[in-house]
Structures are given as structure tokens and as C-alpha cells.
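here's my sequence, what's the structure:
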Amino acid sequence: MSKSLTEAKVLTKLGIPDFRHLTKDKVVSFVSMLPHMDPEVAKKALEQFPEFSSTALSITESLKASVEQAMCSNASNMETFNSACLTTLEGLKERLNAPEISPEEKESIISSMMQVLEMLYRKDTENKEYHTGLIRICAIFSAVVLVCLASVLGIKAETDWDGI
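Just a heads-up that it's a prediction; the model follows:
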């Protein structure tokens, strides 16, 4: 059986006396509860918090800036790592082509080259997982914003919030 969050439960969960005290920090929690609220409670809350849209936009812009900064930092780190690995491979290649090395040394150098290639592969996989995580976070946030808009328009999700 589905239960709707009442105004009292929402206020208690947010730790505020009324919706006029809804701060930017609490908006994300509020938005995540919207699908579980009675539509009238959601409308009443949004009426008491006229800056909701500007606050939601501000939060979205902050998220975008954080993601852009993370992506730039990640790209720089990957470039540095890849450059170091390629320099290492070039050095190993030069040693491998030296005429005075023994077959055992050649085997050792080839093994070292394979280890560097494995490191490159693992770092590339890790980087792709990092990007997937960022995309996932953005998708979840976008979904929450869409749910918020749907709630404001009177669409009610049927889920159970027994934990409140």
C-alpha cells in the first residue's frame, strides 16, 4: 500500500518549522521527496518557496561546473599518465633494440613493456568507469528534477515511504 508524505512528515524530515525555511541545502532532499508527497502538499510547499526555480537552477549550474572541473582534471591526469607510460615504453624499446643485450634481458624488457601496456589498459578502464559514474550522477539529478516538475504538475508516483 502506498502512503503519501504529509506536510508534517516532510517538515520533520527536512528539520524545518515551515516551507518558508527551505534553504538551498535542503532543496535536494525536498525534491527527492516530491514524488512521495500528496500533490497539494507539494504545491503548498512550492508556493511558500517562490525562489524554488532559481534555487534549482543554481544547484544545476553548480553541478554542471563541478562536472566540468572534474572532467578537465581527469583529462589532465590521463594525459600525464599516458605520456609517462609512452615515455617508459620508448625507453624500453630503445633498450630492446640494443645489440649487446642477452635473450634473458630481451625477455625481461618485453615483460616490462607488457606490464606498462596492462597499466594503460587498466587506467583506461578506470577512466571509462569514472566517466560513467559522472554521467550516472547527472542522469539521476536530471531524473529528480523531472520528477519534481511532474509532481508540481500533479502527477503522483505510487511508492512506499514507510521509513519516515
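
so the residue at minimal distance from the centre of the chain, which of the three states?
For the chain, the residue sitting closest to the mean C-alpha position, by CA atoms, centre = their mean, is I137 at 3.1 Å. At I137 the chain is in helix, as set by DSSP: H, G, I helix; E, B strand; the rest coil.

quick one, what contacts it?
63, 67 (CB atoms under 8 Å, 6 or more residues apart in numbering). For every residue, glycine as well, the C-beta is placed using N, CA and C.

what do you get for E107?
Counting by CB under 8 Å, 6+ apart, E107 has no contacts.

for D18, grab phi and psi.
Here is the backbone geometry of D18 (degrees, to the nearest 10): phi -160, psi 170.

again with E90
According to degrees, to the nearest 10, E90 has phi -60, psi -40.

tally of neighbours for it?
Using other CB atoms under 10 Å, E90 has 10 other residues around it.

against E107, how distant is it?
To E107, E90 is 19 Å away according to CB to CB, to the nearest Å.

ok, now G133?
For G133, the distance to E107 - CB to CB - is 39 Å.

buried stuff in stretch 58-72?
Residues of stretch 58-72 classed as buried by neighbour count (16 or more other CB atoms under 10 Å): I59.

name the element K93 belongs to?
Assessed by DSSP states H and E, K93 sits inside helix 52-96.

distance from stretch 91-98 to the middle of the chain?
A distance of 42 Å separates the centroid of the chain from that of stretch 91-98, by CA atoms, centre = their mean, to the nearest Å.

please apply the same query to stretch 107-126.
Offset of stretch 107-126 from its chain centre (CA atoms, centre = their mean): 29 Å.

return the set of buried residues in it.
In stretch 107-126, counting by 16+ other CB under 10 Å, buried: 109, 112-113, 116, 120.

now the residue nearest to the centre of the chain: how far from V10?
Applying CB to CB, the value for I137 to V10 is 24 Å.

pLDDT weak spots in this structure?
Residues of the chain that meet the criterion pLDDT under 70 lie in 1-3, 24, 48-56, 145-164.

farthest from the middle of it: give me that residue.
Largest centroid distance in the chain under CA atoms, centre = their mean is E100 at 52.5 Å.

on the three-state scheme, that residue is what?
coil.

any chance of the backbone angles for it?
E100 adopts backbone torsions of phi -90, psi 10, taken as degrees, to the nearest 10.

list of residues touching stretch 98-106?
Taking CB under 8 Å, 6+ apart as the criterion, the residues outside stretch 98-106 that touch it are 95-96, 109.
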